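>>> Here you go, sequence then predicted model.
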Amino acid sequence: MRPPSLQILSVESTFGNNGWHCELLDGRDVLRASFSAHHTKIQLHAQSYTPINALAVVGECPLALSAGHLPYLLELLCRANKYLNLGSFEFDLDRQFLVFRITNIFEKERYDADIVTSMVHCAIAELDRITPYAAIVQRTPRDLLKDLDLQRLLERDDLIPPVPGDEDDLP
């Protein structure tokens with residue numbers, strides 16, 4: 001079994017410095033961690049692609065859907081992706097998992113801790129943000145799905161979790 005790369009060890013160090021528990025998968029440049037967000041629990045993995053000096057951070061959570069609901073969820077994710085600057089939403093059809101993926105290419109073998117931290121925060125926040133919208137699609141009775149306006153649904157801000165620190169900004 002080959003030893004972990006310098007790249008994934010720098011990610012492990014960043015996780016430790018942030019107080020995030022993670023496990024390094026044997027023989028692979030992959031870290032696994034779990035996070036409790038506002039709306040859901042998120043399984044996260046960070047994978048280093050050492051030949052190109054890239055890191056992918058992937059957050060996921062289960063979302064069981066009927067076949068009739070699937071096209072509506074996929075449209076919801078496509079519409080949400082149009083507004084993202086970094087990362088993207090996906091749906092793992094085989095496992096029925098809602099997924100957010102973000103990737104960055106680094107200049108150095110030791111990945112910048114601030115960028116890694118931002119990538120993890122982004123994956124958690126975006127997946128937590130889309131979860132209530134996906135739950136509405138999931139719970140909508142099948143005969144009413146055609147009446148669900150997904151664009152308007154995404155414009156609802158009452159479902160977005162609070163941003164840490166914004167509570168201090170209230171009058």
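Structure received. Keep in mind that this is a model prediction, so the values were computed, not measured.

>>> Stretch 48-60 spans what distance, first to last residue?
Terminal residues of stretch 48-60 are spaced 18 Å apart (C-alpha to C-alpha, to the nearest Å).

>>> Now do the helices in the protein.
6-17, 70-81, 113-139, 150-155 (DSSP state H).

>>> Throw the ones you listed into TSV and include distance to T40, mean neighbour count and mean pLDDT, thanks.
C-beta here means a position set from N, CA and C on the backbone, and glycine is covered the same way. Shown next, in TSV, are those (distance: least, C-beta to C-beta, whole Å; neighbours: other C-beta atoms under 10 Å; pLDDT from 0 to 100):
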stretch	distance to T40	mean neighbour count	mean pLDDT
helix 6-17	20	18	95
helix 70-81	15	17	98
helix 113-139	5	19	96
helix 150-155	17	13	95
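
>>> can you pull the contacts of F100?
58-60, 87-90, 123, 126-127, 130 (C-beta atoms under 8 Å, 6 or more residues apart in numbering).

>>> one more time with 7 Å, if that's ok
59, 87, 89, 123, 126-127 (C-beta atoms under 7 Å, 6 or more residues apart in numbering).

>>> Do you know the pLDDT at it?
pLDDT recorded at F100 is 98.

>>> repeat for the one 5 residues further on
Model confidence at I105, given as pLDDT, is 96.

>>> quick one: it from L145, how far?
Per C-beta to C-beta, to the nearest Å, I105 is found 40 Å from L145.

>>> For these two, indicate the residue with more neighbours.
Set I105 next to L145 and count neighbours by other C-beta atoms under 10 Å: L145 wins out with 15 against 9.

>>> what does the model give that one for pLDDT?
L145 is given a pLDDT of 96.

>>> right, and T131 touches H39 too?
Yes. With contact defined as C-beta atoms under 7 Å, T131 counts as touching H39 (4.4 Å).
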